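Enquirer: How does the following fold in three dimensions:
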Amino acid sequence: MPNQPWWQPVAQHAVWLLVMSAVMAWLAKSRLQPRGKVPAGEMVYPASMLIISLVCVVVFAAITVLSWVYPAPNFSVFVTLFFAGFTLLGVPLVVEYFRVRFRLELNGLRYQTLFGRRGVLPWSQVTAIRFSPTAKWFRLAGQQGEVIRVSAMMIRLPEFAQVLLQRAGHAKIDAMSREVLEATAAGNPPSVWG
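Expert: Presented below is the predicted three-dimensional model:
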């Protein structure tokens with residue numbers, strides 16, 4: 001578009017950045033406030049995650065249908081499949097909101113994974129703790145080979161970090177992960193943006 005002013009793309013990117021920053025700030029703030037009647041010690045996702053996941057699924061599903069029903073002159077089925085793929089990427093997030101659960105207990109961490117695996121990882125059997133800044137989760141390894149990943153988006157993350165440092169402090173923790181755990185325990189969970 002040779003006739004558009006130089007500032008128009010800059011303004012578009014600035015608006016996108018502001019909107020994304022506001023959404024991520026809302027997500028980060030919502031994980032610090034337990035929703036509804038969640039029992040003490042229960043770690044679940046905030047309602048904001050469900051809202052954003054559903055919006056993404058609905059928007060991409062609508063674009064998928066529209067690209068199929070009203071094809072462009074240079075239509076390719078791959079465009080529709082591309083948007084269908086994005087629709088399917090959002091579905092696990094919706095399912096995860098309802099399925100994934102953690103409960104902080106005196107003896108260990110009770111868990112239920114996305115695919116329904118349930119169990120308890122005793123604090124005394126945690127052998128390694130690591131935070132992944134890319135995936136935004138805490139990875140706990142157990143003596144029996146189990147691996148539990150706790151998302152940085154969960155509600156009650158500061159309580160989780162406090163209990164982890166107190167009861168599983170014997171586990172191998174690298175310096176960066178210990179720093180993130182200590183900051184989280186003090187009420188400053190890791191950023192969900194970037």
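
Enquirer: Show me the residue at the heart of the protein, geometrically.
Expert: Nearest to the mean C-alpha position of the chain, by Cα atoms, centre = their mean, lies Met153 at 4.7 Å.

Enquirer: Distance of that one relative to Leu32?
Expert: Distance, Met153 to Leu32, by Cβ to Cβ, to the nearest Å: 11 Å. For the C-beta atoms, the positions are set from N, CA and C on the backbone; glycine is no exception.

Enquirer: hang on, the earlier thing: assess the claim that the residue nearest to the centre of the chain and Lys29 are in contact.
Expert: No. Using Cβ atoms under 8 Å, Met153 makes no contact with Lys29, being 11.7 Å away.

Enquirer: Could you grab the helix/strand/coil label for the residue nearest to the centre of the chain?
Expert: Here Met153 is recorded as coil under DSSP: H, G, I helix; E, B strand; the rest coil.

Enquirer: can you pull the contacts of it?
Expert: By Cβ atoms under 8 Å, 6 or more residues apart in numbering, Met153 lies in contact with 27, 31, 45-46, 49, 136, 192.

Enquirer: Buried ones in the helix or strand where Val95 lies, by neighbour count?
Expert: If you go by DSSP states H and E, Val95 is part of helix 77-99. Using 16 or more other Cβ atoms under 10 Å as the test for burial, helix 77-99 gives 79-80, 83-84, 87, 90, 93, 96-97.

Enquirer: Can you redo those as TSV, where the extra columns are distance to Gln12 and pLDDT?
Expert: As requested, the buried residues of helix 77-99 are exported to TSV (distance: Cβ to Cβ, whole Å; pLDDT from 0 to 100):
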residue	distance to Gln12	pLDDT
Val79	22	86
Thr80	26	89
Phe83	21	90
Ala84	26	93
Thr87	25	92
Gly90	24	88
Leu93	27	89
Glu96	32	92
Tyr97	31	92
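
Enquirer: Switch the residues you listed over to a markdown table; also include distance to Ala141.
Expert: Formatted as a markdown table, the buried residues of helix 77-99 follow (distance: Cβ to Cβ, whole Å):
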| residue | distance to Ala141 |
| --- | --- |
| Val79 | 42 |
| Thr80 | 42 |
| Phe83 | 38 |
| Ala84 | 36 |
| Thr87 | 34 |
| Gly90 | 29 |
| Leu93 | 25 |
| Glu96 | 21 |
| Tyr97 | 25 |
